[in-house]
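Asker: please find the sequence and the predicted model below.
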Amino acid sequence: MNWQIIGDSVRGASHKRNGKPNQDAWSFTQNEGCTVLAVADGHGSSKHYRSDVGAKLAVQAALELLNDFAHADTGSNPRQIKQAADYLPSQLVQAWRAAVDNVDEGQTIIPKERYSIYGTTLLAVLISADYALYLQIGDGDLLVLTEDGQLHTPLPKNTNLIANETYSLCEEKAIYHVEFSLQFFDHKPLPALIFLATDGYANSFTDSVDFQQAVQDFQGQIATHGADKIQDCLADWLNETSEQGSGDDVTVAMVLLTADTTIMQPE
């Protein structure tokens, strides 16, 4: 199995007008049959004034954690893998907080407020030879498309939040809001495309139907024009999406099942 990554992140139209930095972050790793992709969205409010850094720390923590998980001494035993996965929420929160502590070392910030100012959401996926593991805390979208164009969400949508509320890595009880799902390939078909996006993308569409159609259109565009061409156009498309839609930062990243071994490297 060969997995190719395409993706980009653009500063939101409203952030350009207001002089604010891009609060999103994304990155990936590929090694020894393991692909990990992560996307984060810092909250960006005055209360969370270092959330752009918090998002970068979240992405890095997820990449390291899931890469270690993939190469842990569990072999391909589904039962052991499932048991190990149960610890991921607490390990993720601990890793992110440790990264924040390291960045904040020597700062005169009240400890109780330290994590809040770095507040961020996170989406991540790990693909190994035997399974895909999906992980999320907070808003954003993680979708899976099969080769026949069917779209499904591997993680449950939270219905307890209203308006622009979201769960966050900075919360005291963040470990209880980290959702994850393991899908072994011997029970489910391989995904053809895994789509991750910060909420600035979906919020730029009038409804969920238009948003999901846009995700499916990516699959068609990639099949027609190739992944490299879509990568070249992606930043322009995302800028247009933000300008005509939410005005928020927009990050989209995809994992593609492909015979092409050319790998795009993030800047």
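Answerer: Thanks, I have the structure now.
Asker: any stretches of the stretch 51-200 of the chain with poor pLDDT?
Answerer: The model of the stretch 51-200 of the chain has pLDDT under 70 over residues 74-75, 105-112, 159, 161-163.
Asker: can you give me the strands in it?
Answerer: 120-127, 131-137, 141-145, 151-152, 179-184, 193-197 (DSSP state E, counting those that start in this stretch).
Asker: give me the sheet partners of the first one and which way each runs.
Answerer: Translated: strand 120-127. strand 34-42 (antiparallel), strand 131-137 (antiparallel) (DSSP bridges).
Asker: what angle do it and strand 141-145 make?
Answerer: Counting by axes from the mean of the first three to the mean of the last three CA atoms, to 10 degrees, strand 120-127 points 20 degrees away from the direction of strand 141-145.
Asker: rewinding a little: deepest of the strands paired with strand 120-127, which one?
Answerer: strand 34-42 (a mean of 28; mean count of other CB atoms under 10 Å). Just so you know, the C-beta spots here come from the backbone N, C-alpha and C atoms, and that holds for glycine as well.
Asker: let me see the mean pLDDT of that strand.
Answerer: Per-residue pLDDT over strand 34-42 has a mean of 97.
Asker: tell me how far it lies from the chain's centre.
Answerer: Mean C-alpha position of strand 34-42 versus that of the full chain (CA atoms, centre = their mean, to the nearest Å) differs by 4 Å.
Asker: please apply the same query to stretch 123-141.
Answerer: Centroid separation for stretch 123-141 versus its chain: 8 Å, with CA atoms, centre = their mean.
Asker: and stretch 93-106, by the same measure?
Answerer: The answer for stretch 93-106 is 20 Å, by CA atoms, centre = their mean.
Asker: which parts of that stretch are buried?
Answerer: Neighbour-count burial for stretch 93-106, counted by 16 or more other CB atoms under 10 Å, picks out 93, 95-97, 99-100, 104.
Asker: among the residues you listed, which are located in helices?
Answerer: Among the buried residues of stretch 93-106, DSSP state H puts 93, 95-97, 99-100 in helices.
Asker: OK, contacts around the residue nearest to residue 64 when sequence neighbours are not counted?
Answerer: Nearest residue to residue 64, sequence neighbours excluded (CB to CB, 6 or more residues apart in numbering): residue 95, at 7.0 Å. Contact partners of residue 95, counting by CB atoms under 8 Å, 6 or more residues apart in numbering, are 61, 64-65.
Asker: same question for residue 57.
Answerer: Per CB under 8 Å, 6+ apart, neighbours of residue 57: 96, 99-100, 103, 118, 120.
Asker: identify the farthest-apart pair in these.
Answerer: 103 and 120 (12.9 Å; CB to CB).
Asker: before we move on, back to that, okay if I get the contacts of residue 57 as CSV plus distance to residue 197?
Answerer: Below are the contacts of residue 57 laid out as CSV (distance: CB to CB, whole Å):
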residue, distance to residue 197
96, 21
99, 23
100, 24
103, 26
118, 21
120, 15
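Asker: between these, which is closest to residue 231?
Answerer: Of all the contacts of residue 57, residue 231 sits closest to residue 120, with 25.0 Å by CB to CB.
Asker: number of residues surrounding that closest one?
Answerer: Neighbours of residue 120 under the rule other CB atoms under 10 Å: 31.
Asker: ok, now which ones touch it?
Answerer: 23, 40-43, 48, 51, 54-55, 57-58, 138, 168-170.
Asker: of those residues, which pair is most distant in space?
Answerer: Longest span within these, CB to CB: 57 and 138, 14.5 Å.
Asker: which one of the contacts of residue 57 is nearest residue 157?
Answerer: Nearest to residue 157, judged by CB to CB, of the contacts of residue 57 is residue 120 at 19.3 Å.
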